[in-house]
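[1] Next one to model:
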Amino acid sequence: MKDSFTYQEAAEYLGVPVPTLRKWVRRKWLPVIAVWAALAISPQVFSCQKEGEAPADEKAEEPPAKVSCVIEIHDPAAEGFLDRSADLEVLAEGFEIAEGPVWVTSREMLLFSDVRGNKIHSWSPKEGRSVFLSPGGHTGSVPF
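    Purely as a prediction, here's the structure:
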């Protein structure tokens, strides 16, 4: 599988004109990519928990402490869709293993999962963090 694609190749694959794809990537995916980058770059922020401390409440009462995040771009091709100067923000904390995220435009919310907690959480600018689905789909013991 190819590691990266040009805008032309991606546009042909998706069946859209290149200018439309560029606009879509900048307007729709940049916020999602910025959040994903924050999760990927700083997983310890979301996975650390003090010894003996209970998991975070279902609804966060106050926003997380300010954390300094940096975007490191190792492939110049990524500068086409990542903004090195984007402000990254920790939206929630207290999860054991956080995965995702996905931005749901129609509901203006971010969904992400807490694997060990077996929950899918949501975050929106208006309502903050809340549990979206519990249990989150974990089927129990799976033989590997």
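[2] And the helices in this structure, which stretches?
    With helices called from DSSP state H, the chain shows them at 7-14, 18-24, 30-41, 43-47.
[3] Look up how far Val102 lies from the closest residue to Cys69 other than its chain neighbours.
    Spatially, and ignoring its direct neighbours in sequence, Cys69 is nearest to Leu88 (3.8 Å; CB to CB, 6 or more residues apart in numbering). (C-beta placed from N, C-alpha, C; glycine too.) Going from Leu88 to Val102 by CB to CB, to the nearest Å gives 17 Å.
[4] Between the two, point out the one with more neighbours.
    More neighbours surround Leu88 than the other of Leu88 and Val102, with 17 against 13 (other CB atoms under 10 Å).
[5] Just the pLDDT for the closest residue to Arg116 other than its chain neighbours.
    What sits nearest to Arg116 in space, not counting adjacent residues and going by CB to CB, 6+ apart, is Glu96, at 3.8 Å. On the pLDDT scale, Glu96 is placed at 80.
[6] mind checking how far the residue nearest to Cys69 is from Ser113?
    Distance from Leu88 to Ser113, by CB to CB: 20 Å.
[7] Could you pull out the strands in the protein for me?
    With strands called from DSSP state E, the chain shows them at 98-104, 109-114, 119-124, 128-133.
[8] Lowest average pLDDT across those?
    strand 98-104 has the lowest average pLDDT among the strands of the chain, namely a mean of 84.
[9] Arg129 and Ala92 touch, don't they?
    Yes. Under the criterion of CB atoms under 8 Å, Arg129 makes contact with Ala92 at 4.4 Å.
[10] Need the strands of the chain in JSON lines (columns: distance to Cys69).
    Listed next are these as JSON lines, based on distance: least, CB to CB, whole Å:
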{"stretch": "strand 98-104", "distance to Cys69": "15"}
{"stretch": "strand 109-114", "distance to Cys69": "16"}
{"stretch": "strand 119-124", "distance to Cys69": "16"}
{"stretch": "strand 128-133", "distance to Cys69": "18"}
